[in-house]
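Enquirer: Sharing a sequence plus its predicted fold:
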Amino acid sequence: LWLYGVHAVRAALSNPKRKVIRLVLTERSAQEIGSKLLGRVKHEIADMKGVDRLLPEGAVHQGIALQCEKLPKLDLEDLLSEPSSKRRIVVVLDQISDPHNEGAILRSAAAFGASAVVVQDRHAPPESGVLAKAASGALGSAPATVRRNVGLPAPLAPMMATVSRSSTVTLISNSAWKSP
């Protein structure tokens, strides 16, 4: 998995759960990321063309590319069983297939303090550089992203039962679904 862009890479480097394989960046991007984060990982300095060669054509990378492993999958039940003194917000995405849209929703969920974003394990964009760039640092930081079969309406019922009364669930869907 290649992540790129200053915000996406900074967030990935700040996440202790993110396993870094390779970091390639320009001198200018190294200054933006800072010595504290760069001191944690081995990195290579390259020019813009060197970074270009690592990524898909047209990637807007700002002179920085991070090869890393995907984050470990989280379990919604485990996440919600952790004690919390405040009301939790859980955002459920159904059939959001564009990585730019999902990234924008992740940014908003992080800004509003969501505890989790539930994303379909199928028919949803995979964790990618495009998604990470659109999320502008929100992918893998907060909120936790849980991938599971949402499948409205039937599989949604057990998931909703999991979410305690002290939580708020917001459904964002790209499908025509009516509550039974």
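Expert: In hand now; what should we look at?
Enquirer: Could you use CA atoms for every contact and neighbour count after this?
Expert: OK.
Enquirer: Pro125: neighbouring residues, count only.
Expert: When neighbours are counted by other Cα atoms under 10 Å, Pro125 registers 20.
Enquirer: list the contacts for it?
Expert: Ile96, Ser97, Asp98, Pro99, Glu102, Leu131 (Cα atoms under 8 Å, 6 or more residues apart in numbering).
Enquirer: Then Ala134?
Expert: So Ala134 contacts Pro99, His100, Asn101, Glu102, Gly103, Ala104 (Cα under 8 Å, 6+ apart).
Enquirer: now the helix ranked longest in the chain: mean pLDDT?
Expert: Using DSSP state H to define each element, the chain has its longest helix at helix 99-111. Averaging pLDDT along helix 99-111 gives 89.
Enquirer: just the buried members of the contacts of Ala134?
Expert: Buried subset of the contacts of Ala134 (neighbour count, 16 or more other Cα atoms under 10 Å): Pro99, His100, Glu102, Gly103, Ala104.
Enquirer: okay if I get those as TSV plus distance to Ala116?
Expert: Converted to TSV, the buried ones among the contacts of Ala134 look like this (distance: Cα to Cα, whole Å):
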residue	distance to Ala116
Pro99	18
His100	18
Glu102	13
Gly103	14
Ala104	15
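Enquirer: quick one: low-confidence ranges for the protein?
Expert: 141-180 (pLDDT under 70).
Enquirer: Perfect, that will be all.
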